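Asks: quick check, what structure comes out for this input:
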Amino acid sequence: MAHLLVSLSGLTDDLAARAGHLADALDQRGVPLTLLVRPCGPDGPLRPGGLVDWLRHRREGGDALVLHGFDHTADPTAARNPIALGRRAEFAALPRHEAGLRLTAARRVLTGVGLRTDSFAPPRWSASPGTVAALTEQGFAVLADEAGVRRLDGAAPPLRGRVLGLRSRSAADVRGPRRLAADATRAARRGEAVRIDVRAVDLGYADRFAAVLAAVDAARAAGAVPADYRLPAAARAA
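Replies: This is a model prediction of the structure:
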């Protein structure tokens, strides 16, 4: 059975209203939303009010809250590693100890504004073995990475499926409604998890907003069952 998971990333106070429009549209379709939360952004750590109040409201209404890294520092170990090449994502290469420190700091920020989660999605969906070890040590239940969504205790089969979005890895190519919907349909027909990730900034463009909803509708039409990232959907639907 295919499952449909829609996540929203890049959330800020300025973009909360746009996020609300997507959430309302998904509510009308009976599709839950998974909110990927970065504890520290360009303007500093999350603060009470605004976005945090909206996140709490959505969580109380049934949406999933997932820790999405700490501050998205590109390759935080590179400064101490002269042979490091490129700009890897924040948790893509961290050893266990350093990943643990960042996870602890991230949780502290969330707790400080009254938010909690035991689910984790690394920036760019890339988690090092050290990160996986640190997540397990700290009692995280779920990891969502580029391969799929899985329980770290192995209590349920993983959901396999790549992340679909409006932008390719190069961030230069913006998919049109037909392409994103076609990708979602193919994944659903193969019985894979249809994982649609939306960047909040893209919701300000009418054609991109429409592309997301078209992909959601296409996945549902192809038989995908709505779910979220808190647990593998196969376990939730059992």
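Asks: in the chain, which spans are helices?
Replies: Secondary structure of the chain by DSSP state H: the helices cover 16-29, 51-60, 96-112, 129-137, 177-189, 206-221, 233-237.
Asks: so which of those is nearest Pro158?
Replies: With Cβ to Cβ as the measure, helix 233-237 is the member of those nearest Pro158 (8.6 Å). C-beta: built from backbone N, CA, C; applies to glycine.
Asks: in the protein, what spans have low per-residue confidence?
Replies: In the predicted model of the chain, residues 75, 77-87, 167-177, 231-238 satisfy pLDDT under 70.
Asks: 50 instead?
Replies: 82-86, 168-173, 232-238 (pLDDT under 50).
Asks: residue closest to the middle of it?
Replies: Leu36 (4.4 Å; Cα atoms, centre = their mean).
Asks: distance check, that one against Arg195.
Replies: 12 Å (Cβ to Cβ, to the nearest Å).
Asks: now the common contact residues for these two.
Replies: Shared contacts of Leu36 and Arg195 (Cβ atoms under 8 Å, 6 or more residues apart in numbering): Ser7.
Asks: return the residues in contact with the residue nearest to the centre of the chain.
Replies: Counted by Cβ under 8 Å, 6+ apart, Leu36 has contacts Ser7, Leu8, Ser9, Leu11, Val66, His68, Ala121, Asp197.
Asks: for it, list each beta-bridge partner.
Replies: With DSSP bridges applied, Leu36 shows beta-bridge pairing to Val66.
Asks: picking that back up, in a markdown table, list the helices of the chain along with mean neighbour count and distance to Pro158.
Replies: Below are the helices of the chain laid out as a markdown table (neighbours: other Cβ atoms under 10 Å; distance: least, Cβ to Cβ, whole Å):
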| stretch | mean neighbour count | distance to Pro158 |
| --- | --- | --- |
| helix 16-29 | 16 | 24 |
| helix 51-60 | 17 | 24 |
| helix 96-112 | 17 | 20 |
| helix 129-137 | 19 | 13 |
| helix 177-189 | 19 | 15 |
| helix 206-221 | 19 | 19 |
| helix 233-237 | 16 | 9 |
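Asks: tabulate those helices (TSV), appending distance to Ala147.
Replies: Shown next, in TSV, are the helices of the chain (distance: least, Cβ to Cβ, whole Å):
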stretch	distance to Ala147
helix 16-29	25
helix 51-60	26
helix 96-112	18
helix 129-137	12
helix 177-189	14
helix 206-221	19
helix 233-237	15
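Asks: which one, of these, ends up nearest to Arg88?
Replies: Comparing those by Cβ to Cβ, helix 129-137 comes nearest, at 11.8 Å.
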